[in-house]
Each structure stands twice: as C-alpha cells, then as structure tokens.
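Visitor: attaching a predicted model along with its sequence, questions to come.
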Amino acid sequence: MLNEFKAFISRGNVVDLAVGVVIGAAFGKIVSSLVADLLMPPLGLLIGGVNFSDLAITLKNAAGETPAVQLRYGVFINTVIDFCIISAAIFILVKGINHLKKQPVEEKAEAQTKICPECLMSVPKAAKRCAYCTSQLTTSNG
C-alpha cells in the first residue's frame, strides 16, 4: 500500500494540482487584501463614508455575554467583489496563456476522394467504379 501511495503522490498531475492549490490560496490572500485595503475604502468614501464590512442587520441584540445575532451583508459584498476580481484576473491570465500557445499548423491533407466525371459525385480515391452512376473510373479521372 505504501508503494501505491508513493506512485500516486509522484504523479506529475498530482504535484501540479498541489502547487496550483497553494499558489491559488496565496493569490486569494493578495486579492482579498487588494479589495479590503485598497478598493473598498475609497468606494465606501464615495458612497458616504460607509465601510462595507460594518454593514449588517441585527436580528437579536447582545444580551450580557451573548453576542448580537447579525446578518453581515457588507462582508458578503466584499466577498462578491473579491470573487469578481479573482475571476477577471484568472480570465486574463488564461486568455494570455492561450494566446501565447502556438496553434498547430494543419498540414494540407491529401484528398481522400475524387470526382466522377460523369455524375460529378465525390467517390473514394481508390474506387474503380462510381457508386452513383456506375461509370468506369480510370486513374486519369481523379
């Protein structure tokens, strides 16, 4: 079982996936900081000094040591903005990578068919008779 686990872990795609997850987590922290620290303060200032993370609806006030029950929709707004920025960044990254990939040049394939001179239908290149009009085909026909 140890050998199977070792083979599983040493696969290239498993290692690539692990690296992608770690880099994605780090990228998520960067984007969260961008949104929370750079984008939201000026946006809140533009709409009247509102801090989105403070926006909430109190369902039940605090009582003694019990904290208040709140619907913190401001934090949700921050998270949606995070998602939009991450999605846009990934889209731009993938689009750039796809643009850098060289498109394979298709070689012009040799024709697999020829045209019957009698009925002008396409028939296989190796055919000796036309399947449509049954005329005799010669090598000079195609």
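Guide: Cool, the structure landed. None of the values given here were measured: they were computed from a predicted structure.
Visitor: top helix in the chain by residue count?
Guide: The longest helix of the chain (DSSP state H) is helix 73-100.
Visitor: how far off centre is that one?
Guide: Here helix 73-100 is found 11 Å from its chain centre; the criterion is CA atoms, centre = their mean, to the nearest Å.
Visitor: does anything pack onto it? Which helices or strands?
Guide: helix 12-33 (3 or more CB pairs under 8 Å, 6 or more residues apart in numbering; DSSP states H and E). From N, CA and C alone the C-beta is placed, and that goes for glycine too.
Visitor: coming back round to it: what are the buried residues along the longest helix of the chain?
Guide: Buried residues in helix 73-100, counting neighbours by 16 or more other CB atoms under 10 Å, are found at Gly74, Val75, Ile77, Asn78, Ile81, Asp82, Ile86.
Visitor: farthest-apart pair in the residues you listed, please.
Guide: Within those, two members stand farthest from each other by CB to CB: Gly74 and Ile86, at 18.9 Å.
Visitor: okay, now Cys130: neighbour count?
Guide: 21 (other CB atoms under 10 Å).
Visitor: got a list of what the residue nearest to it when sequence neighbours are not counted touches?
Guide: Among residues not flanking Cys130 along the chain, Cys116 sits closest, at 4.1 Å (CB to CB, 6 or more residues apart in numbering). Counting by CB atoms under 8 Å, 6 or more residues apart in numbering, Cys116 makes contact with Ser122, Val123, Cys130, Tyr132, Cys133, Ser135, Leu137, Asn141.
Visitor: any regions of the protein where pLDDT drops low?
Guide: Applying pLDDT under 70 to the chain flags residues 104-110, 139-142.
Visitor: domain assignment for it?
Guide: 11-100, 107-142 (automatic domain parsing).
Visitor: got JSON lines for these, with distance to Phe5 too?
Guide: Listed next are the domains of the chain as JSON lines, based on distance: least, CB to CB, whole Å:
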{"stretch": "domain 11-100", "distance to Phe5": "11"}
{"stretch": "domain 107-142", "distance to Phe5": "44"}
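Visitor: closest to Asn3 out of those domains?
Guide: domain 11-100 (13.3 Å).
Visitor: what's the offset of that closest one from the middle of its chain?
Guide: With CA atoms, centre = their mean, you get 19 Å for domain 11-100.
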